[in-house]
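**Q** Structure, please.
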Amino acid sequence: MNENDVISKGVPFNISGGVSYATGSVVSKTLLKKNVGNLTLFSFDKGQGLTEHTSPYDAVVYILDGKAEIVIGGKPKAVEAGEMMIMPAGIPHALNAVERFKMLLIMIRGE
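**A** Numbering: from 1, shown residues only. Model (predicted):
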């Protein structure tokens, strides 16, 4: 699967191949978008990131490849391939690419 492929329900695919790296960029691809939440793949080139922001919902980040720094409430945490982290609702957070990395973001809306 590459970023131009459509995700077919009921068909296995390699999630890490779902989004490619782009020099100096952040690339995203929405895999599933529903009223109750989203699944989105991201790739970050080294030095790229998402600036500090707050979400009204918990968000789960699963690192597929590489290494990221996730800052939650001003406290940086190193997260690498095979690890996941829950970013709590209402607390400012940011993501930075220590080295290029890919992640799956799982957003679930509601309580």
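**Q** Quick check: Lys29 touching Val19?
**A** Yes: counting by CB atoms under 8 Å, Lys29 touches Val19, with 4.8 Å between them. For every residue, glycine as well, the C-beta is placed using N, CA and C.
**Q** Tell me which of the two has more neighbours.
**A** Shown here are Lys29 and Val19; by other CB atoms under 10 Å, Val19 has more neighbours (23 against 18).
**Q** Torsion angles phi and psi at Ile15?
**A** phi -60, psi -40 (degrees, to the nearest 10).
**Q** Just give me the neighbour total for it.
**A** If you count neighbours by other CB under 10 Å, Ile15 ends up with 16.
**Q** right, and it touches Ile63 too?
**A** No: here Ile15 lies out of contact with Ile63, judged by CB under 8 Å, at a distance of 11.7 Å.
**Q** Now do the helix or strand of the chain with the lowest mean pLDDT: everything it contacts.
**A** For the chain, the helix or strand with the lowest mean confidence is strand 26-34, at a mean of 92 (criterion: mean pLDDT, DSSP states H and E). Here strand 26-34 makes contact (CB atoms under 8 Å, 6 or more residues apart in numbering) with 3, 7, 18-21, 38-45, 48-50.
**Q** In strands, which of the residues you listed appear?
**A** Residues of the contacts of strand 26-34 located in strands (DSSP state E): 38-44, 49-50.
**Q** which one of the residues you listed sits closest to Pro56?
**A** Nearest to Pro56 among the ones in strands among the contacts of strand 26-34 is Asn38, at 13.7 Å by CB to CB.
**Q** bridging residues for the spatially closest residue to that closest one that is not a sequence neighbour?
**A** Computed as CB to CB, 6 or more residues apart in numbering, the closest residue to Asn38 that is not its neighbour in sequence is Met107, at 4.8 Å. Beta-bridge pairing of Met107 under DSSP bridges involves Asn38, Ala59.
**Q** ok, Met107 - contacts?
**A** 37-40, 55, 57, 59-60.
**Q** now swap in Gly90 and tell me
**A** Contacts for Gly90 (CB under 8 Å, 6+ apart) come out as 54-56.
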